[in-house]
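1. Pasted the sequence and its predicted model underneath.
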Amino acid sequence: MRLGKIANKFAFALGFHYLCSMQFKDIVGQHLLKESLARMADSGRVGHALLFTGREGVGALPLAVAFAQYINCAQSVGGDSCGVCASCVQMNQLAHPDVHFVFPVNKSKSAEAVSGADGDKPVSDHFIAKWREQILQVVPKGYFNEQMWYRTLDIDNKQGNISRYEADRILRKLSFKAFESKYKIVIVWLPERMNPQAANALLKILEEPWENTFFLLVSHAPERLLPTILSRTQTIDVPAIDPGALSAWLRATQGLPAEKADALARVSFGNLLEALRLLSEEEQDDEQFDLFVQLMRLSYEDKHLALLEWAESVASMNRESQKAFLENTLRLLRDAYMMSMGMDEVAYLYGKELAFCRKFAPFVNNRNIEALTRQTQQTVDDVARNGNPKIVFTHYALTVSKLINRLR
């Protein structure tokens with residue numbers, strides 16, 4: 001108990017507030033997976049490197065953090081960490097000395113990056129205060145995506161990455177004995193953002209791990225990882241949130257009636273972030289949806305000059321916003337196609353998206369859907385490769401117009 005009080009004072013000294021729980025009970029849904037992870041830890045058969053894979057919004061990162069807390073908890077009970085021992089108190093504030101976080105970063109306009117042995121090379125430790133805020137201040141804790149993180153970092157149009165300097169820091173930290181707990185744990189969010197030098201630097205320790213050391217990797221795109229990384233990890237698939245559990249959470253936290261919560265849980269396809277986005281859309285304009293509507297209407301009307309203006313406006317957005325727009329377009333095209341085929345039950349649309357796509361559906365069918373999705377995905381790749389945005393989106397807009405007008 002005395003250690004718990006000391007740890008609590010330590011958390012306050014860092015400027016945090018106590019009661020920021022990161023236990024299994026705080027994860028929305030995923031009951032079978034939480035039970036499986038608890039049994040794994042209780043049996044002492046935790047793999048040295050676990051890869052949590054799942055879409056944004058299903059809880060892969062919160063699960064990894066809660067699992068790390070469970071592993072080092074001094075008095076876990078009932079399949080969950082206690083939340084009050086010294087280790088749990090520090091984990092609740094993401095300030096445990098034996099749990100290290102790695103995540104994509106880049107030079108920021110507003111961040112107070114600390115210069116150290118790596119000079120001005122940005123690494124996770126420079127942004128740990130922002131990381132703690134990002135996890136602990138969203139509701140529920142730990143549910144956010146890459147774009148939200150980059151907005152917090154304030155890195156303009158740059159993309160985050162995990163560099164060789166980061167890998168060197170990890171190896172230095174793990175070379176020391178654990179400070180307080182039995183296990184040292186490294187949680188790597190979005191390991192697909194590791195550059196090849198960083199990935200290769202970590203291969204050795206993943207292949208021959210040090211004693212009492214665990215790596216918990218959280219990936220939304222495991223197909224982008226090096227095959228050598230994948231072969232050295234045990235995959236934990238995090239599925240979509242059960243609609244019943246998501247609906248219950250929406251009713252309890254957002255005050256929604258059961259019918260509306262059930263509808264949101266269904267059309268969001270078990271993605272909590274998508275459910276919240278759809279809910280907020282009712283109260284404010286959705287820029288990505290508005291851009292999609294403009295593109296499709298201008299394409300149908302074959303207004304080339306207006307399409308060029310549209311392309312210029314999208315080109316002025318930052319790269320992550322451009323990618324988010326294109327990924328949202330892929331989703332809307334897919335659901336409009338489902339509706340055009342008479343398969344409304346698998347078209348996960350809601351509100352004004354549903355209203356628009358009901359009218360738009362006749363212009364998406366077997367004659368153009370493959371070309372539309374292929375061109376949209378190609379544009380995603382062009383943006384990711386730093387293609388000139390004015391050229392990329394001008395070509396995209398004119399191509400979409402041609403494909404939509406195939407049906408006229």
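-> Looks like it arrived, so ask away. Numbering: from 1, shown residues only.
2. For the rest of this, base every contact and every neighbour count on C-alpha atoms.
-> OK.
3. Please enumerate the strands of the stretch 301-408 of the chain.
-> In the stretch 301-408 of the chain, no strands are defined using DSSP state E, counting those that start in this stretch.
4. Any stretches of it with poor pLDDT?
-> 346, 348, 406-408 (pLDDT under 70).
5. Quick check on the residue nearest the centre of the chain: phi, psi?
-> Central residue of the chain (CA atoms, centre = their mean): Asn145, 3.3 Å from the mean position. Torsion angles at Asn145 (phi, psi; degrees, to the nearest 10) stand at phi -120, psi 180.
6. wouldn't it be in contact with Gly57 here?
-> Yes - if you go by CA atoms under 8 Å, Asn145 and Gly57 touch, sitting 7.3 Å apart.
7. Any idea which helix or strand in the protein has the lowest mean pLDDT?
-> Least confident helix or strand, the chain: helix 2-13 with a mean of 38, by mean pLDDT, DSSP states H and E.
8. Next SSE downstream of that helix?
-> Per DSSP states H and E, helix 2-13 leads on to helix 31-43 as the next helix or strand towards the C-terminus.
9. Name the residues of that following helix that are buried.
-> Residues of helix 31-43 classed as buried by neighbour count (16 or more other CA atoms under 10 Å): Leu33, Lys34, Leu37, Ala38, Ala41.
10. Out of the residues you listed, which is nearest to Ala324?
-> Comparing those against Ala324 with CA to CA places Leu33 closest, at 29.0 Å.
11. what residues are up against that closest one?
-> Leu33 makes contacts with Val238, as judged by CA atoms under 8 Å, 6 or more residues apart in numbering.
12. how close does it get to Phe52?
-> Counting by CA to CA, to the nearest Å, the separation of Leu33 from Phe52 is 11 Å.
13. Now do the shared contacts for those two.
-> Common neighbours of Leu33 and Phe52, counting by CA under 8 Å, 6+ apart, are Val238.
14. Now do the helices in the stretch 301-408 of the chain.
-> Applying DSSP state H, counting those that start in this stretch to the stretch 301-408 of the chain gives helices spanning 304-315, 319-340, 351-360, 369-384, 389-404.
15. how close does Ala245 get to Ile27?
-> Applying CA to CA to Ala245 and Ile27 gives a distance of 10 Å.
16. what's the neighbour count on the nearest residue in space to His48 that is not next to it in sequence?
-> Nearest residue to His48 in three dimensions, chain neighbours excluded: Phe214, at 4.7 Å (CA to CA, 6 or more residues apart in numbering). By the criterion of other CA atoms under 10 Å, Phe214 has 22 neighbours.
17. circling back: Glu274 versus the residue nearest to the centre of the chain, what's the distance?
-> Counting by CA to CA - Asn145 and Glu274 are separated by 11 Å.
18. so Thr235 is in which element?
-> strand 234-237.
19. Tell me the secondary structure of Leu256, please.
-> coil (DSSP: H, G, I helix; E, B strand; the rest coil).
20. Local confidence estimate at it?
-> Leu256 is assigned 89 on the pLDDT scale.
21. and what of Ile187?
-> Predicted confidence (pLDDT) for Ile187: 95.
22. what comes into contact with the helix or strand it falls within?
-> Using DSSP H and E, Ile187 maps to strand 184-189. The contact list for strand 184-189, computed with CA under 8 Å, 6+ apart, reads 61, 64-65, 68, 98-104, 174, 178, 212-219.
23. For stretch 192-212, measure first residue to last.
-> Start-to-end, stretch 192-212 (CA to CA) is 25 Å.
24. Now it: buried residues?
-> Here stretch 192-212 shows Glu192, Arg193, Met194, Ala198, Ala199, Asn200, Ala201, Leu202, Ile205, Leu206 as buried, counting by 16+ other CA under 10 Å.
25. could you dump those to TSV with pLDDT, secondary structure and distance to Ser280?
-> Shown next, in TSV, are those (pLDDT from 0 to 100; DSSP: H, G, I helix; E, B strand; the rest coil; distance: CA to CA, whole Å):
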residue	pLDDT	secondary structure	distance to Ser280
Glu192	93	helix	30
Arg193	92	helix	29
Met194	90	strand	33
Ala198	89	helix	38
Ala199	88	helix	38
Asn200	87	helix	42
Ala201	86	helix	42
Leu202	86	helix	41
Ile205	83	helix	44
Leu206	83	helix	42
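26. Which one of these is nearest to Gly342?
-> For the buried residues of stretch 192-212, the minimum distance to Gly342 (CA to CA) is 37.7 Å, reached by Glu192.
27. Please report the distance of the closest one from Arg55.
-> For Glu192, the distance to Arg55 - CA to CA - is 13 Å.
28. Domain map for this structure?
-> 2-237, 285-407 (automatic domain parsing).
29. ok now the longest one, how far from the chain's centre?
-> Taking CA atoms, centre = their mean, to the nearest Å, one finds domain 2-237 lying 13 Å from the centre of the chain it belongs to.
30. do stretch 272-283 as well
-> The answer for stretch 272-283 is 16 Å, by CA atoms, centre = their mean.
31. which residues touch that stretch?
-> 56-58, 143-144, 241, 246, 264-265, 267-268, 350-351.
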